[in-house]
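J.: A predicted structure for the sequence below; I have some questions about it.
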Amino acid sequence: MIYLDHAATSWPKPPEVLRAMAAFLERAGGNPGRSGHRLSLEAGRIVYDAREAVASLFGAPDPLRVLFTLNATQALNLALSGLLGPGDHVVATGMEHNAVMRPLRHLESGGVRLTVVPCSRDGSLDPGKMTAAIGPSTRLVVMTHASNVTGTILPVSEVARAAHARGALLLVDAAQTAGVLPIDMQSAGIDLLAFTGHKGLQGPPGTGGLILGEGVPASEMAPLVRGGTGSRSEHEIQPEDFPDKFESGTLNGPGIAGLGAGIRWVLDRGIDALRARELELGRALSEGIRNIAGVTVYGPENPEESTSIVSFTAAGHRPSEIGLRLDDEFGILCRVGLHCAPAAHRTIGTFPEGTVRLALGAATERAEVEAAVAAVRKVLRA
Ligand SMILES: Cc1ncc(COP(=O)(O)O)c(C=O)c1O
């Protein structure tokens, strides 16, 4: 089996992640932040260690501003519905995932004004067009850091400057780039960073989070869920403290333990080294697929401008047929169709059939890339 679906979720996870999850359940199974006994304190320590690991990886101002969620979708919903109300203006790009577009369309039906800035056919974004769309009443700008369809990397720092110049906040969807590209919230000017734990960070499903920069006061953001936090239990009103205001209910302790171990795995190897390896393999995959007759590859030709995703169509073949044959005949697992991002497929001109997406990850070997190119060639020949 060759797993080339790392943009959906990474697999296999490093053994350290599995061990950390088992250890949490075996030896630290208390409820973090609730009871005062040793198992609860140990669970709380593991959760705090994971917060510190997240803060250190992303240059977050304070580990307590790392809010754990179940995935990037929940983090994005928290940010969007927590910050936007009727009359507010929000700007998004034409390459967003439905984790951004669906909450935005819902908010739009409740009176939020939405501008979607078109991107080019390779998924790239002209920062000038984004700047022109941001006005004095813009509360928030939301953008993906890299497309889950084409891998195209978007110009976050330029957009941050344009947003701040007009008093707007910048929310970045780092689902595809957390653990894949270097991200420093403070130097890039990112106010809110939504990440998922189960892709590049090597953590298990059911993990992710939202990091709030210093410019985002808790008092200006509503939580998604209200309830028990283990703190200020005498009050029936939701506390205002970080992270408790946004983390009601028992946390996913084993998942967060695994996420912490995944991030430490990434930090130990170094983001730059992981990126260099993926870049080399991504280049080989992209060149190999582009050289097959009848194939159209979407996204930038220069691998430095994208994550290691290769999205393609082939004349005379449906993406679903290619995906099925890669799985059945060659044991190659990839993802076909619209990848939960119809806006991005409209942008690149592949709506409604979508593309075949091959997505590399930290566990991918060079021989697997070569086997994938050979398999696509054979499928398209027959
Ligand atoms: C760009 C992008 N945003 C958001 C998401 C949603 O992530 P999650 O599955 O963690 O909710 C994904 C996952 O596919 C994604 O690729």
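T.: Thanks, I have it.
J.: neighbours around G316, how many?
T.: When neighbours are defined as other C-beta atoms under 10 Å, G316 has 7 of them. The C-beta positions use only the backbone N, C-alpha and C, and glycine is treated the same way.
J.: Kindly provide the distance from it to the ligand.
T.: G316 sits at a distance of 29 Å from the ligand (criterion: C-beta to the nearest ligand atom, to the nearest Å).
J.: Where does the nearest residue in space to K13 that is not next to it in sequence sit, in terms of helix or strand?
T.: Take K13 and drop its neighbours on the chain: the residue closest to it by C-beta to C-beta, 6 or more residues apart in numbering is Q202, 5.5 Å away. Secondary structure assigned from DSSP states H and E places Q202 in neither a helix nor a strand.
J.: What of S311?
T.: In this assignment (DSSP H and E), S311 forms part of strand 309-314.
J.: what's next to the next helix or strand after that strand, contact-wise?
T.: Following strand 309-314 in sequence order, the next helix or strand is helix 319-330 (DSSP H and E). The contact list for helix 319-330 (C-beta atoms under 8 Å, 6 or more residues apart in numbering) reads 2, 313-314, 332-337, 353-356, 371-372, 375-376, 378-380.
J.: residues near the residue nearest to K13, how many?
T.: Neighbour number of Q202 under other C-beta under 10 Å is 27.
J.: if you look at the contacts of helix 319-330, which of them are in helices?
T.: 371-372, 375-376, 378-380 (DSSP state H).
J.: Just the pLDDT for the most centrally placed residue in the chain.
T.: In the chain, the residue lying closest to the centroid (C-alpha atoms, centre = their mean) is A175, at 0.3 Å. For A175, the pLDDT comes out at 98.
J.: Help me confirm that it comes into contact with L181.
T.: No: taking contacts as C-beta atoms under 8 Å, A175 lies outside contact range of L181: 11.9 Å.
J.: What parts of the stretch 151-300 of the chain come near the ligand?
T.: Contacts of the stretch 151-300 of the chain with the ligand, taken as C-beta under 6 Å from any ligand atom, map to 173, 175-176, 196, 208.
J.: mind putting those in CSV, secondary structure and distance to G215 included?
T.: Below are those laid out as CSV (DSSP: H, G, I helix; E, B strand; the rest coil; distance: C-beta to C-beta, whole Å):
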residue, secondary structure, distance to G215
D173, strand, 18
A175, coil, 22
Q176, coil, 24
T196, strand, 23
G208, strand, 22
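J.: I'd like to know which of the residues you listed is nearest to N148.
T.: Of all these, Q176 has the smallest distance to N148: 5.1 Å, by C-beta to C-beta.
J.: mind listing the strands for this protein?
T.: Applying DSSP state E to the chain gives strands spanning 2-3, 66-69, 89-93, 113-117, 138-144, 169-173, 192-196, 208-212, 295-298, 309-314, 332-333, 335-337, 355-359.
J.: Next, the angle strand 309-314 makes with the last one.
T.: Right, the one you point to is strand 355-359. Here strand 355-359 points in a direction 150 degrees away from that of strand 309-314 (axes from the mean of the first three to the mean of the last three C-alpha atoms, to 10 degrees).
J.: got the CA positions of strand 355-359 in PDB?
T.: Coordinates of the C-alpha atoms in strand 355-359 are reproduced here as PDB (Å, rounded to 0.1, in the frame of the first residue of the first chain):
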ATOM      1  CA  THR A 355      -9.200  16.400  -9.800                       C
ATOM      2  CA  VAL A 356      -7.000  13.500  -8.600                       C
ATOM      3  CA  ARG A 357      -4.900  14.700  -5.700                       C
ATOM      4  CA  LEU A 358      -1.700  13.100  -4.700                       C
ATOM      5  CA  ALA A 359      -0.500  14.500  -1.400                       C
END
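J.: Determine the angle, from 0 to 180 degrees, between that strand and helix 319-330.
T.: 50 degrees.
J.: pLDDT wise, what is H145 at?
T.: Value for H145, per-residue pLDDT: 98.
J.: thought I332 was touching L285?
T.: No: I332 lies out of contact with L285 (C-beta under 8 Å); the separation is 11.8 Å.
J.: sorry, back to before: and of the ones in helices among the contacts of helix 319-330, the nearest to L76?
T.: Using C-beta to C-beta, those come closest to L76 at A372, 30.9 Å.
J.: The residue nearest to K13 contacts T9, doesn't it?
T.: No: Q202 lies out of contact with T9 (C-beta under 8 Å); the separation is 10.2 Å.
J.: Over to the residue of the stretch 251-382 of the chain found nearest the ligand: give its phi and psi.
T.: Per C-beta to the nearest ligand atom, the residue of the stretch 251-382 of the chain with the smallest distance to the ligand is C340, at 5.9 Å. The phi/psi pair for C340 (degrees, to the nearest 10) reads phi 60, psi 20.
J.: Would you confirm that it contacts M101?
T.: No: distance between C340 and M101: 9.3 Å, which falls outside the contact criterion (C-beta under 8 Å).
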